[in-house]
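Visitor: below: sequence and its predicted model.
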Amino acid sequence: MTSYRITLLSGDGIGPEITAVARQLLDAVSDRHGFSLSYNEQPIGGAAIDACGEPLPARTLAACQAADAVLLAAIGSPQYDSLPREQRPETGLLGLRSGMGLFANLRPVKILPALVDASSLKREVIEGVDLMVVRELTGGVYFGTPKGRIEANGQVRAFNTMAYFDYEIDRIAKVGFDIALARGGRLCSVDKANVLDVSQLWRDRVVAMGQRYPGVELSHMYVDNAAMQLVRAPRQFDVLLTSNLFGDILSDEAAMLTGSIGMLPSASLGSEGPGLFEPIHGSAPDIAGLDKANPMAMVLSAAMLLRVGLKQEAAALALESAVDTVLDAGYRTGDLMAPGCVQLGCQAMGEHLLAALAA
Ligand code: IPM
Ligand code: MG
């Protein structure tokens, strides 16, 4: 029987609760589809700070690099906000992305018919939205140098550097074009080329890459306009190609089109080696341990892991249709609750998903 090694990073806040649900579903779906999964659980973020004194212990990174795929829940908690930056949970996540070479972050945003009314936007605006944010993940202002903080002459100045090498833009642009080709054939590259030199290089390289993709309709949009268009007319987008910071911001905005950030999975991929799969929501420390979390983005991330990481398409579809079934039956977690629906906690939602999978 084919067997895959999964490194499981449950992290902080609601992480352990939603990881438990995802693991039960992965076990059930692998059983039914004739392969087996073994798990290597490792600490990251605040959990790793507590256990080992650092947010990304070397053994966690090594276990991720040695896996067939990595499933991460979420990191971060306000209790670590006053630590020096290199000891914060977020630094562990950035170190993992860069240590695994995961330069391409794919964030699909699809409106599920059962949740159209959960959105804060009007039904006629969001119905039929199906887009993909392709975000550069290991460069830009998140990683640029110089960076720091200088105190002199009674003043304090802090700075970061937004920088890209041509090859970093080329490789993420290629991912964007390839995905557009496999989807609706339209790629919208987001930049701020009217102001930023780094964005002008971004645009030049994307235009050059576009020459190789006559089958893809390429457009460009300034990031401020893209933020506006996402809430004005989101159906115009097929694939959005963004730098690291712009994609961070726009993907949260795009997530809210669906009604809850608790529904959206993501995949982070490099040019070789295992991928990392994680919900795009955070660790929600305010509801941690209360059995209120929505495990569906985590389950859908497990589905992406099966599809993209392990090439187990049928198993991925089975998880996705379990989510559809449970939503169609009117079950909701608190974040999605609507009149006439039945509210469930995290564990009970997991049980309903298992039952839908078995049906
Ligand atoms: C995300 C998150 C992270 C990011 C944080 C937790 C470092 O917001 O994955 O979008 O900014 O990339
Ligand atoms: Mg973010």
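Guide: Looks like it came in fine. Numbering: from 1, shown residues only. Ligands and ions are numbered 1, 2, ... in the order given.
Visitor: need the longest helix for the chain.
Guide: As assigned by DSSP state H, the longest helix anywhere in the chain is helix 15-33.
Visitor: residues contacting the strand or helix carrying residue 228, please?
Guide: With elements delineated by DSSP states H and E, residue 228 resides in helix 223-232, which encompasses its position. Contacts of helix 223-232 with the rest of the structure, by C-beta atoms under 8 Å, 6 or more residues apart in numbering, involve 121, 125, 188, 190-192, 221, 236-237, 240, 242, 246, 249-250, 253-254, 257. Just so you know, the C-beta spots here come from the backbone N, C-alpha and C atoms, and that holds for glycine as well.
Visitor: what count of nearby residues applies to residue 50?
Guide: The number of residues packed around residue 50, counting by other C-beta atoms under 10 Å, is 12.
Visitor: show me what contacts it?
Guide: Listed by C-beta under 8 Å, 6+ apart, the contact set of residue 50 reads residue 43.
Visitor: contacts only, for the residue of the chain found nearest ligand 1.
Guide: Scanning the chain for proximity to ligand 1 using C-beta to the nearest ligand atom identifies residue 90 as nearest, at 4.0 Å. If a contact means C-beta under 8 Å, 6+ apart, then residue 90 has 45, 55, 75, 76 as its contacts.
Visitor: keep only those residues that also lie close to ligand 1.
Guide: Filtering the contacts of residue 90 for proximity to ligand 1 by C-beta under 6 Å from any ligand atom leaves residue 76.
Visitor: widest-spaced pair of the contacts of residue 90?
Guide: 55 and 76 (9.6 Å; C-beta to C-beta).
Visitor: the more surrounded of the two?
Guide: Neighbours of residue 55 and residue 76, each counted by other C-beta under 10 Å, are more numerous for residue 55; the result is 30 against 23.
Visitor: just confirm that one is within a helix.
Guide: No. Read with DSSP: H, G, I helix; E, B strand; the rest coil, residue 55 is coil and lies in no helix.
Visitor: was I right to think it contacts residue 88?
Guide: Yes. In terms of C-beta atoms under 8 Å, residue 55 counts as a neighbour of residue 88; the distance is 6.4 Å.
Visitor: near ligand 1, which residues of the chain?
Guide: Within the chain, the positions adjacent to ligand 1 are 76, 90, 93, 248, 280 by C-beta under 6 Å from any ligand atom.
Visitor: let's see it at 5 Å
Guide: Within the chain, the positions lying close to ligand 1 (C-beta under 5 Å from any ligand atom) are 90, 248.
Visitor: show me where the chain has its helices.
Guide: Assigned by DSSP H, the chain shows helices spanning 15-33, 46-52, 58-65, 89-99, 123-126, 166-182, 197-210, 223-232, 244-257, 296-304, 313-328, 346-358.
Visitor: list the buried ones in stretch 240-254?
Guide: By neighbour count, with 16 or more other C-beta atoms under 10 Å as the criterion, the buried positions of stretch 240-254 are 240-248, 250-254.
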